[in-house]
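Chemist: no FASTA, just this:
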């Protein structure tokens, strides 16, 4: 199934406006959601994330909402993230989120160099 949406989750100390996320969104031809975890939205300050189980539940709910909003099946979504966000997305898939495992990735990128972003162009 061709991907019909991308959801990106930031690292533990990051946010949705990471330069790589912005570049992926700019280059994408399908809807992209750059999600801020709720623990970062409360105060906007850097602080440790809550237990991973809570983050996994949030990822599952965000995926359901994004699929519904865009009128696409959850199984057509690509989930990814940077560091902590990528690991948590993989854990959500392992817990049964209906996204093919080949549609999950973790970004371990520090910059927006073209070579680093271009490898993800094939997703969209």
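Modeler: Now that the structure is in, tell me what you want to look at. These figures come from a predicted structure and were not determined experimentally.
Chemist: ranges for the strands of the protein?
Modeler: Secondary structure of the chain (DSSP state E): strands located at 5-9, 32-35, 77-82, 104-107.
Chemist: Let me have the ones you listed in JSON lines, adding mean neighbour count, distance to residue 62 and mean pLDDT as columns.
Modeler: Placement of C-beta: from N, CA and C, glycine included. Written out in JSON lines, the entries for the strands of the chain read as follows (neighbours: other Cβ atoms under 10 Å; distance: least, Cβ to Cβ, whole Å; pLDDT from 0 to 100):
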{"stretch": "strand 5-9", "mean neighbour count": "25", "distance to residue 62": "6", "mean pLDDT": "96"}
{"stretch": "strand 32-35", "mean neighbour count": "20", "distance to residue 62": "5", "mean pLDDT": "98"}
{"stretch": "strand 77-82", "mean neighbour count": "25", "distance to residue 62": "9", "mean pLDDT": "92"}
{"stretch": "strand 104-107", "mean neighbour count": "20", "distance to residue 62": "14", "mean pLDDT": "53"}
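Chemist: will you turn the ones you listed into JSON lines that also has distance to residue 48?
Modeler: Compiled in JSON lines, the strands of the chain are given as follows (distance: least, Cβ to Cβ, whole Å):
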{"stretch": "strand 5-9", "distance to residue 48": "16"}
{"stretch": "strand 32-35", "distance to residue 48": "18"}
{"stretch": "strand 77-82", "distance to residue 48": "16"}
{"stretch": "strand 104-107", "distance to residue 48": "19"}
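Chemist: Could you check these and tell me which one is nearest residue 93?
Modeler: For those, the distance to residue 93 is smallest for strand 104-107, at 5.3 Å, taking Cβ to Cβ.
Chemist: Quick one: mean pLDDT over the longest helix along the chain.
Modeler: Residue-count comparison of every helix in the chain, with assignments taken from DSSP state H, identifies helix 52-70 as the longest. What helix 52-70 shows for mean pLDDT is 96.
Chemist: now for that helix, which elements pack on it?
Modeler: The helices and strands touching helix 52-70, judged by 3 or more Cβ pairs under 8 Å, 6 or more residues apart in numbering; DSSP states H and E, are strand 5-9, strand 32-35, strand 77-82, helix 84-94.
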